[in-house]
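Trainee: what follows is a predicted protein model with its sequence.
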Amino acid sequence: MGEPRSDTSKKGPPFSIRLSRATDRLVSAEARRTRRSKSAVVEAFAEETARTRRFPGVGFRGDDASRRAWVIGSGLDVWEIAHMLEDFGAVRRLVGETHLTETQVRLALAYRDEFPDEIAEAIEENRRAAIELRTLFPFIRMVRSRA
């Protein structure tokens, strides 16, 4: 899915900031580690921080190329909860038959509603057919479900 991203085709006007030395060291180290510009690192940090403040209880995890939103305390990514709701059909049933709380499900749905393309992309990726996966990743071994 990738890290949270804004519509990069619509950038705001440039502005400059002066970071403390400690923060500049952190940003510089992250830029070197990820082979991105300091501007890209600061933008990614700002985007994630803004989203976590807007959606308290949502965090981000994964490596740099596949950062994804998850509901803290659930063990599940937002897209997984949204996908589960499709299968269960109703919030009440999902909450009743899983370890999720209604608050966690509502938080995931609020995030999904704000970033529908991000969540839909992850769900679609999860629905890839076995034949497509074998073509893309010929080295993987598919195991049949016992259910």
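Mentor: Sure thing, it's come through. Computed from a prediction, not measured in an experiment: that's the story for all the values here. Numbering: from 1, shown residues only.

Trainee: C-alpha only now, for contacts and for neighbours.
Mentor: Noted.

Trainee: ranges for the helices of this structure?
Mentor: Here the chain has its helices, by DSSP state H, at 21-34, 38-54, 78-88, 91-97, 102-114, 116-126, 130-136.

Trainee: and these, which is most packed in?
Mentor: Mean neighbours per residue, mean count of other CA atoms under 10 Å, is largest over those for helix 78-88, with a mean of 19.

Trainee: and it, what does it pack against?
Mentor: Here helix 78-88 touches strand 68-71, helix 91-97, helix 102-114, helix 116-126, going by 3 or more CA pairs under 8 Å, 6 or more residues apart in numbering; DSSP states H and E.

Trainee: ok and it relative to helix 116-126, angle-wise?
Mentor: Angle, helix 78-88 to helix 116-126, by axes from the mean of the first three to the mean of the last three CA atoms, to 10 degrees: 70 degrees.

Trainee: residues contacting helix 78-88, please?
Mentor: 69-71, 91, 94, 105, 108-109, 111-112, 119-120, 122-123 (CA atoms under 8 Å, 6 or more residues apart in numbering).

Trainee: can you rerun that using 10 Å?
Mentor: By CA atoms under 10 Å, 6 or more residues apart in numbering, the residues outside helix 78-88 that reach it are 58-60, 68-72, 74, 77, 89-95, 97-98, 100, 104-113, 116, 118-124, 126.

Trainee: ok so, going back, for residue 15, find the nearest of the helices of the chain.
Mentor: Nearest of the helices of the chain to residue 15, taken as CA to CA: helix 38-54 at 10.7 Å.
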